[in-house]
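K.L.:
using only what follows, build the 3D model:
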Amino acid sequence: MPSTTSHSPEPGRPRLDSATAAVRLGVRQSLNECSDGAVVLVCVSGGADSMALAAATVFEAKPRSIRVHSITVDHGLQRGSDAVAQRTANALKRWGIEAHLERVQVVDAGGPEAAARQARYRAIDATAQRVGAELVLLGHTLDDQAETVLLGLARGSGAGSLKAMAPLNGRYARPLLGVRRQQTRDSCAARGIDVWDDPQNDDGSFARVRVRNLVLPVLEEQLGPGIAEALARTAEQAREDDDAFEQMIEEFIEEVCEPAEAGIAVEVSALAHNPAALRNRLIRYVAAAEFGVSLSRTHTLAIAALVTEWRGQGPIHVPGIVVSRSDGRLVFTAAEKAHSRSGT
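P.N.:
Numbers count the residues shown, from 1 in each chain. Alright, predicted model coming up:
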């Protein structure tokens with residue numbers, strides 16, 4: 001395994017290559033979200049994506065006196081991971097970055113990938129809070145975005161899966177969503193930056209790895225080049241549509257909802273007179289906003305049937321919520337309160 005470079009990310013100021021220019025442009029655009037002199041936190045694993053991101057952040061932050069911190073998380077899931085994390089943090093320190101190394105314990109609940117992700121983000125959030133970071137930079141690339149879209153479609157997640165990862169979500173920014181994975185490797189090679197190749201990136205037991213190494217190459221071969229870029233464009237367009245829908249719903253919901261005993265009520269006529277796409281989104285919005293429940297497609301349609309196929313049927317029971325129709329309204333009630341009222 002190669003060690004992380006011990007020199008500056010700008011050795012001898014080599015001529016600017018196109019890959020590094022693309023990475024820097026993405027970082028520059030993301031840094032526009034924070035003020036001069038702010039603190040930014042870069043998440044760095046030691047791989048090409050995050051190392052290219054860190055090097056570009058150092059370069060772009062300097063003219064604006066932005067202070068760069070980094071976090072490297074050791075999940076302890078692979079032999080020698082502690083040494084990799086330490087070498088990565090040491091290299092970042094030599095670049096002038098305030099490097100933080102966090103070791104986390106991964107509890108395998110919901111699968112190893114999900115557990116590792118949860119542990120990682122807890123460490124990132126805690127470090128960002130501690131250092132006062134205005135912005136947290138993640139190294140997801142255009143290829144990661146394309147893979148996310150395909151995985152979401154395969155799971156039947158609907159339009160929500162198409163929007164994939166947001167360029168900016170709160171203080172989390174993804175500067176490299178317009179940059180190909182190969183470009184980050186080319187940038188590191190051009191700047192003399194050694195990187196760590198995570199063996200899990202070739203482990204076919206992970207669905208994302210199979211999409212990366214098997215599915216996307218077949219699509220490129222059979223349908224022609226540019227599949228990853230097309231999927232990323234689809235995500236961007238879907239996000240624009242979804243943002244517009246969300247704004248419409250937030251404005252509309254105030255007009256059609258009213259408090260109800262132990263819950264909230266929505267006018268049936270308002271739901272009936274809108275297209276199915278908007279009606280179903282309104283139902284999901286109420287469930288999520290009022291009860292913290294993420295409804296499945298099946299549950300959403302069952303509730304919508306109280307509007308579109310009303311024959312006097314009784315309440316619909318979904319996880320955490322009971323929905324009934326009464327006096328021209330759909331009444332959403334927390335399940336525990338509905339059960340206590342019925343004496344069950």
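K.L.:
now do the helices in this structure.
P.N.:
Counting by DSSP state H, the chain has helices at residues 18-31, 48-61, 81-94, 112-131, 142-154, 159-162, 181-191, 207-210, 216-223, 227-256, 268-272, 276-291, 297-308, 335-342.
K.L.:
kindly provide the whole-number mean pLDDT of the last one.
P.N.:
For helix 335-342, the mean per-residue pLDDT is 64.
K.L.:
residue ranges with poor pLDDT in this structure?
P.N.:
1-14, 108-112, 157-161, 337-344 (pLDDT under 70).
K.L.:
domains of it?
P.N.:
18-140+167-210, 261-342 (automatic domain parsing).
K.L.:
just to revisit the earlier point, give me whichever of the helices of the chain is most buried.
P.N.:
The highest mean neighbour count among these, using mean count of other CB atoms under 10 Å, belongs to helix 48-61: a mean of 26. C-beta here means a position set from N, CA and C on the backbone, and glycine is covered the same way.
K.L.:
orientation of that helix relative to helix 142-154 in degrees?
P.N.:
Angle of helix 48-61 versus helix 142-154, following axes from the mean of the first three to the mean of the last three CA atoms, to 10 degrees, is 130 degrees.
K.L.:
by contact count, what packs against helix 48-61?
P.N.:
When contacts are defined as 3 or more CB pairs under 8 Å, 6 or more residues apart in numbering; DSSP states H and E, helix 48-61 packs onto helix 18-31, strand 39-43, strand 67-74, helix 181-191.
K.L.:
hang on, the earlier thing: closest one to residue 325 among the helices of the chain?
P.N.:
Set against residue 325 and scored by CB to CB, the helices of the chain come closest in helix 297-308, at 4.7 Å.
K.L.:
which secondary structure elements does the closest one contact?
P.N.:
Helix 297-308 makes packing contacts with helix 268-272, helix 276-291, strand 316-318, strand 321-326, strand 329-334 when contacts are defined by 3+ CB pairs under 8 Å, 6+ apart.
K.L.:
ok, 6 Å please
P.N.:
Helices and strands touching helix 297-308, by 3 or more CB pairs under 6 Å, 6 or more residues apart in numbering; DSSP states H and E, are helix 268-272, helix 276-291, strand 316-318.
K.L.:
re the thing from before, distance to residue 68 added to the helices of the chain, as CSV?
P.N.:
Shown next, in CSV, are these (distance: least, CB to CB, whole Å):
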stretch, distance to residue 68
helix 18-31, 10
helix 48-61, 5
helix 81-94, 9
helix 112-131, 10
helix 142-154, 22
helix 159-162, 33
helix 181-191, 16
helix 207-210, 29
helix 216-223, 33
helix 227-256, 27
helix 268-272, 50
helix 276-291, 36
helix 297-308, 43
helix 335-342, 48
